[in-house]
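Engineer: Need a 3D model of the sequence below.
(chains A and B)
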Amino acid sequence: MTATLSVRDLCVAIGAVNVLRGVSLEVEPGEVRGLVGESGAGKSMLGRAVLGLLPANATITSGSIAFEGRDLLGLRDAERRKLLGRRIALIPQDPMTSLNPVKRVGAQISVLLRHHLGLSKRAALARAAELLAEVAIREPARVLGLYPHEISGGMRQRVLIAMAFACDPGLVIADEPTTALDVTVQRQVLQLVERLRRSHGAAVLFVTHDLGVVAKICRTMTVLHAGRVLEEGETADVLARPRHPYTRALLAATPRADRPAEALRPVPPALIEQLWSEARRLDRVSAAGQP
Amino acid sequence: MADLALGHPAARRQRWLAAVRRGGPRLWIGAALVGMLVLVALLAPWIAPHDPLEQDLMSAQLPPSWMTGGDPAYLLGTDSLGRCVLSRLIYSARTAVAVALIAATLAAAIGTTLGLFAGSFGGFLDQLISRLIDVWMAFPPVLLSIVLAAVIGAGLTSVIAAIVVVDWTRFARVVRAETMVQLARDYAAAARVIGLTPGKILRLEILPNLVPLLVTLLAVEMGIAILVEVILSFVGISVSGDTPTWGGMIAEGRQIVYQAPWIMALPIGCIIVSVIGLNLLGDGLRLSLDPVQRQ
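Structural biologist: Sure, this is the predicted structure:
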């Protein structure tokens, strides 16, 4: 079986700074993969590289990205656009700003459906109402006629989730979709992503810094630091028996309801320094290896 | 199912009412003044008491009818050739409205298109268009219009052409900057992620966000177009000599301003009221069209 997403030795640099240093990652069909790391670990950058949305000053220096066996990096723009939104979808980080402020919810969903599925205006709206019902929005017909600022943040995130799964994609990249939300809404959103993933049969790459979220919905996980993969495996295994000292330190730094707050340990600065010096050594080796 | 896109009729009516309320007095005062101007222009042949070209040298320079020596037949008096000032003011509105509508719309269309291209493609195209705007704006606009109109020759078309050629930069510059701002927003990135082509992103996502801005600019530009037309007709290179224009009336009235000041004062009043009306309308529309301010 071909992997849904296969990233090999991906290196990305912004100017002279390396942000990804040889990342390899496989996501099987239907798998939910957690991608964990602290700020600046390169986890969002990996998601953007897959979507072809790297910032203009970033370059992919080496490596490959394949989706369902097709090389993504060699695609022409027009071919990539056929995949985006249809086979590869994104649940963006900030639901407050990711919807167009001057377009009604219905118009935004139907643009996607008409663009990829060639539905008529009327059919697209009818399908949009079904999609909204699927993400547990009450009175979908009314919500279609509302503007984004007229609905709550949780509701906007559900609209975005509905859009991500609308064309039955093979892979959904969820870029910290719960970060901007209230804790009470987070749980609903996670359950929703899990339910839609099952019914639409998509693989999910769940980018987050929250180990609690990973433990809840991801079968497998990858720990990223300074643009390198430190550890990966089944979530249950990694969390129960972390092999890398950084993963252990991350776990010790995660607040949990069954532990007193005093038991929290920040990640030791010496460990971080050591990881960064390893990363820099790697940079020098690869720089020396280039002609 | 068809009304899904439109929302419930009651909700639509509420939105309309809310939009009108947000516009406030600017919206309705502006709309009333502009509406009056357009109506007067359209109905000129029916509401004008006299033929604007009919001369009556026996009753030249009559003051408005309420002043001593006024003739009730000439409500706002007559000019030095004995032509009815009120009728001339009414017919002049036709030229003003035609120039304002056509010139401003064309300038907006050209400027917006170039601004969208410059703002979205960046690079060489942006440099080219931006430098063109810079060079263009280095010329004093009114002088450029006068030179252009003088070169192309008199007539309504050349007045409109002169205004469009000079004023597209006003739109291009603002639209370019705003396009860049909007493209950097998250919703534009989200539109790219769903695989929309750059053209569709501009048309379906960015342009709707520019509408409040464009409406304001368009209204202001219509005011400017009226002023430029007045200036051109004042110096005598606007429409042909026998068509009444406010600028032409000011030029004629200027020579006899001590004997008959109303001949010059009345067209000036018309110009001021029209331009203020357009600016108020633009301001009010911006407030009521911006859905982000809808709370």
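
Engineer: Could you check the pLDDT of the residue lying closest to A:Thr222 once chain neighbours are set aside?
Structural biologist: Once flanking residues are discounted, A:Thr222 sits nearest to A:Glu232: 4.2 Å by Cβ to Cβ, 6 or more residues apart in numbering or on different chains. From N, CA and C alone the C-beta is placed, and that goes for glycine too. pLDDT recorded at A:Glu232 is 87.

Engineer: Against A:Gln191, how distant is A:Glu232?
Structural biologist: 25 Å (Cβ to Cβ, to the nearest Å).

Engineer: neighbour-wise, which of the two wins?
Structural biologist: A:Glu232 (21 against 13; other Cβ atoms under 10 Å in any protein chain shown).

Engineer: That one should be in a strand, yeah?
Structural biologist: Yes - the assignment for A:Glu232 is a strand, going by DSSP: H, G, I helix; E, B strand; the rest coil.

Engineer: A:Leu131 belongs to a strand?
Structural biologist: No - if the criterion is three-state DSSP, then A:Leu131 is helix and not within a strand.

Engineer: wait, what's in contact with it?
Structural biologist: A:109, A:162-163, A:165-166 (Cβ atoms under 8 Å, 6 or more residues apart in numbering or on different chains).

Engineer: Would you agree B:Ala60 is in contact with B:Thr78?
Structural biologist: Yes - with contact defined as Cβ atoms under 8 Å, B:Ala60 counts as touching B:Thr78 (6.0 Å).

Engineer: So for these two, which sits in the more crowded spot?
Structural biologist: B:Thr78 (29 against 16).

Engineer: related to what we said a few turns ago, go through the contacts of A:Leu131 and give me the one with the most neighbours.
Structural biologist: For these, neighbours tallied by other Cβ under 10 Å; top is A:Met163, 29 neighbours.

Engineer: what ranges do the helices span in chain B?
Structural biologist: B:9-42, B:44-47, B:85-121, B:123-138, B:141-152, B:156-183, B:186-193, B:198-200, B:207-234, B:246-255, B:261-289 (DSSP state H).

Engineer: what would those look like in a markdown table with distance to A:Asp237, mean pLDDT and mean neighbour count?
Structural biologist: Shown next, in a markdown table, are these (distance: least, Cβ to Cβ, whole Å; pLDDT from 0 to 100; neighbours: other Cβ atoms under 10 Å in any protein chain shown):
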| stretch | distance to A:Asp237 | mean pLDDT | mean neighbour count |
| --- | --- | --- | --- |
| helix B:9-42 | 53 | 85 | 15 |
| helix B:44-47 | 86 | 85 | 12 |
| helix B:85-121 | 48 | 92 | 22 |
| helix B:123-138 | 49 | 90 | 13 |
| helix B:141-152 | 72 | 82 | 17 |
| helix B:156-183 | 44 | 90 | 21 |
| helix B:186-193 | 33 | 89 | 22 |
| helix B:198-200 | 45 | 88 | 13 |
| helix B:207-234 | 48 | 90 | 22 |
| helix B:246-255 | 84 | 88 | 20 |
| helix B:261-289 | 57 | 90 | 20 |
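
Engineer: would TSV of those with distance to chain A be doable?
Structural biologist: Putting the helices of chain B into TSV (distance: least, Cβ to the nearest Cβ, whole Å) gives the following:
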stretch	distance to chain A
helix B:9-42	7
helix B:44-47	38
helix B:85-121	13
helix B:123-138	10
helix B:141-152	32
helix B:156-183	9
helix B:186-193	4
helix B:198-200	7
helix B:207-234	5
helix B:246-255	38
helix B:261-289	9
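
Engineer: right, so of the ones you listed, which gets closest to A:His200?
Structural biologist: Closest to A:His200 of the helices of chain B is helix B:186-193 (Cβ to Cβ; 17.2 Å).

Engineer: what angle separates the closest one from helix B:156-183?
Structural biologist: The directions of helix B:186-193 and helix B:156-183 differ by 90 degrees, with axes from the mean of the first three to the mean of the last three Cα atoms, to 10 degrees as the criterion.

Engineer: now helix B:186-193, how far from the centre of its chain.
Structural biologist: Put simply, helix B:186-193 sits 35 Å off its chain's centre (Cα atoms, centre = their mean, to the nearest Å).

Engineer: Just the C-alpha atoms of that helix, please, in CSV.
Structural biologist: Taking Å, rounded to 0.1, in the frame of the first residue of the first chain, the C-alpha atoms of helix B:186-193 are listed here in CSV:
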residue,chain,number,x,y,z
ASP,B,186,-5.2,34.5,6.6
TYR,B,187,-8.3,34.1,4.5
ALA,B,188,-6.3,34.7,1.3
ALA,B,189,-3.9,31.9,2.4
ALA,B,190,-6.9,29.7,3.1
ALA,B,191,-8.2,30.5,-0.4
ARG,B,192,-4.8,29.4,-1.9
VAL,B,193,-5.0,26.2,0.1
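
Engineer: ok, residues contacting it?
Structural biologist: A:51, A:53, A:84-85, A:89-90, A:92, A:94, A:97-101, A:160, B:182, B:201, B:204-206.

Engineer: what helices or strands is the lowest-mean-pLDDT helix or strand in chain A leaning on?
Structural biologist: Ranking every helix and strand in chain A by mean pLDDT, DSSP states H and E puts helix A:269-289 at the bottom, with a mean of 78. Judged by 3 or more Cβ pairs under 8 Å, 6 or more residues apart in numbering or on different chains; DSSP states H and E, the packing partners of helix A:269-289 are strand A:17-27, strand A:228-234, helix A:245-252.

Engineer: Turn the ones you listed into TSV, columns for distance to B:Val159.
Structural biologist: TSV is the format used below for the helices and strands packed on helix A:269-289 (distance: least, Cβ to Cβ, whole Å):
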stretch	distance to B:Val159
strand A:17-27	57
strand A:228-234	68
helix A:245-252	72
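
Engineer: A:Leu46: which of these is closest?
Structural biologist: Taking these one by one with Cβ to Cβ, strand A:17-27 is closest: 6.1 Å.

Engineer: Now the element after that closest one, going C-ward?
Structural biologist: Per DSSP states H and E, the first helix or strand lying C-terminal to strand A:17-27 is strand A:32-36.

Engineer: Other residues contacting that next one?
Structural biologist: Residues contacting strand A:32-36 (Cβ under 8 Å, 6+ apart): A:25, A:27, A:43, A:46-47, A:194, A:197, A:203-209, A:211, A:213-214, A:217-224, A:235, A:250.

Engineer: And stretch B:130-145, by the same measure?
Structural biologist: Against stretch B:130-145 from outside (Cβ under 8 Å, 6+ apart): B:118, B:162-163, B:165-167, B:169, B:172-173, B:176, B:228, B:231-232.

Engineer: can you do 10 Å?
Structural biologist: With contacts defined as Cβ atoms under 10 Å, 6 or more residues apart in numbering or on different chains, stretch B:130-145 is touched by B:111, B:114-115, B:118-119, B:146-147, B:159, B:161-170, B:172-173, B:176, B:224, B:227-229, B:231-232, B:235, B:237.

Engineer: Closest residue of chain A to chain B?
Structural biologist: A:Gly145 (2.7 Å; Cβ to the nearest Cβ).

Engineer: Out of the contacts of strand A:32-36, which end up buried?
Structural biologist: For these, a burial check counting by 16 or more other Cβ atoms under 10 Å in any protein chain shown picks out A:25, A:27, A:43, A:46-47, A:197, A:203-209, A:211, A:213-214, A:217-218, A:220-224, A:235, A:250.

Engineer: So what sits opposite A:Glu231 in the bridge?
Structural biologist: For A:Glu231, the beta-bridge partners are A:Val223 (DSSP bridges).

Engineer: is it true that it touches A:Thr220?
Structural biologist: No - at 11.2 Å, A:Glu231 does not count as touching A:Thr220 under the criterion of Cβ atoms under 10 Å.

Engineer: Now the common contact residues for those two.
Structural biologist: The contact lists of A:Glu231 and A:Thr220 share A:237-238, where a contact means Cβ under 10 Å, 6+ apart.
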